[in-house]
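In: I would like to see how this sequence folds:
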Amino acid sequence: MNHRSHFGVIRYTISNNFLNWLGLVVLFTFLYYLALMFALILRFERLPNYVNVYDWGLNIKHIWLSTPSIMDAISIMKDEWLFEVGFMNYDYGFGISEWSLFIAPFKVLGIILLSAVIALNYLLLRSASRRCSAVSKRFVGLTTSVGATLVSLASITMSWVVCCSTPTWIVGLAIMGLGVSTSLWLEPVGIWVNLLGYGFLAVSLFLAAPMSIGTVQVKSLQR
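Out: Numbering: from 1, shown residues only. Got it, this is the predicted structure:
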C-alpha cells in the first residue's frame, strides 16, 4: 500500500466522521487536563484555592518584540501561561504556591495533536476490515498507548514548591514518586521524550490506515 493510499484512507475517515473525530479530540484534551487536576488534588489532599488568568497575547507580543533571537523567542513563548489554578499556603506571610496546574496554549496544541491521533486511530480500528487479525489491532493499540504515554508525560504542566516551583514535565515525575534530584536531572530530555512519543504515534497511524482500506473501498464503490 503506497503513501497516497494511506493519506487517502486517513482523509476519508476524517471527512466521513468529522463531528465524531472532533468531539473525541475535545473530549480527550479535556480529560487529560482534568486527570492532571485530580492527580494533584489526590496527591496533596488539598482543593485548589486560587486562580490566575494572564494576558497571554500581550506577553507573547512583548517576548516577540524584545527578544533578538527568533529561536530564543519561540523557546520562551512556548512556556508562556494563559491560566493557572493551584493551592496557596498562607502559613508563610503573604502565601506561597505549594502546587499549581497551568495552561500554556503551545502545550495545549501538543495535547490536541495527541488527541487527534488517538481519536483517528480509534476510528480507523473501528472500521478495520474483518480480515485484520486481533494481534495486528492489539499491536496498533499498544504502539498508540506507548506514544500517548510518552507525550502525556512530557507535556505535563505542573509546578511544585519542592521542585523549586519549576513548571515543567519533571514535576509530574516527582509527584508520582521519582526522586526530585533524579527528576530535575531528566528535565533536559523532555523534548526527546516528546519526539519519541510522536514517533510511536506516527507509526501507529501508519499501521492503522491499511486496516481500513477494504472498508473504505467498499463504501466508495457504494457511492
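
In: and the end-to-end length of stretch 176-191?
Out: 20 Å (CA to CA, to the nearest Å).

In: model confidence over it, on average?
Out: On average, the pLDDT along stretch 176-191 is 72.

In: Equivalent analysis for stretch 76-84, please.
Out: Stretch 76-84 comes out at a mean pLDDT of 87.

In: Could you do stretch 56-65 as well?
Out: Rounded mean pLDDT across stretch 56-65 is 91.

In: Tell me how far that stretch lies from the chain's centre.
Out: 24 Å (CA atoms, centre = their mean, to the nearest Å).

In: Kindly report the same for stretch 116-129.
Out: 18 Å.

In: Just the buried positions in that stretch, please.
Out: Going by neighbour count (16 or more other CB atoms under 10 Å), the buried part of stretch 116-129 is Ala116, Val117, Ile118, Ala119, Leu120, Asn121, Tyr122, Leu123, Leu124, Leu125, Ser127, Ala128. For the C-beta atoms, the positions are set from N, CA and C on the backbone; glycine is no exception.

In: Sort out which one of those residues lies nearest Phe87 for me.
Out: For those, the residue nearest Phe87 by CB to CB is Ile118; the value is 30.4 Å.

In: which residues touch the closest one?
Out: Applying CB atoms under 8 Å, 6 or more residues apart in numbering to Ile118 gives the contacts Leu24, Phe28, Thr144, Ala148, Leu201.

In: circling back: and the least confident of the buried residues of stretch 116-129?
Out: For pLDDT, the smallest value among the buried residues of stretch 116-129 belongs to Ala128: 65.

In: returning to that earlier point: cross the buried residues of stretch 116-129 against helices and list the overlap.
Out: Ala116, Val117, Ile118, Ala119, Leu120, Asn121, Tyr122, Leu123, Leu124, Leu125 (DSSP state H).

In: Who does the residue nearest to Tyr50 when sequence neighbours are not counted form a beta bridge with?
Out: Distances taken as CB to CB, 6 or more residues apart in numbering place Met88 nearest to Tyr50, at 4.8 Å, with adjacent residues excluded. Beta-bridge partners of Met88, counted by DSSP bridges, are Ser97.

In: can you pull the buried residues of stretch 148-165?
Out: 148, 150-160, 163.

In: can you put those residues in a markdown table and add secondary structure, distance to Trp169 and pLDDT?
Out: Formatted as a markdown table, the buried residues of stretch 148-165 follow (DSSP: H, G, I helix; E, B strand; the rest coil; distance: CB to CB, whole Å; pLDDT from 0 to 100):
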| residue | secondary structure | distance to Trp169 | pLDDT |
| --- | --- | --- | --- |
| Ala148 | helix | 15 | 92 |
| Leu150 | helix | 11 | 90 |
| Val151 | helix | 10 | 91 |
| Ser152 | helix | 9 | 89 |
| Leu153 | helix | 6 | 85 |
| Ala154 | helix | 5 | 85 |
| Ser155 | coil | 7 | 86 |
| Ile156 | coil | 4 | 85 |
| Thr157 | coil | 8 | 85 |
| Met158 | strand | 8 | 84 |
| Ser159 | strand | 11 | 82 |
| Trp160 | strand | 12 | 79 |
| Cys163 | helix | 11 | 64 |
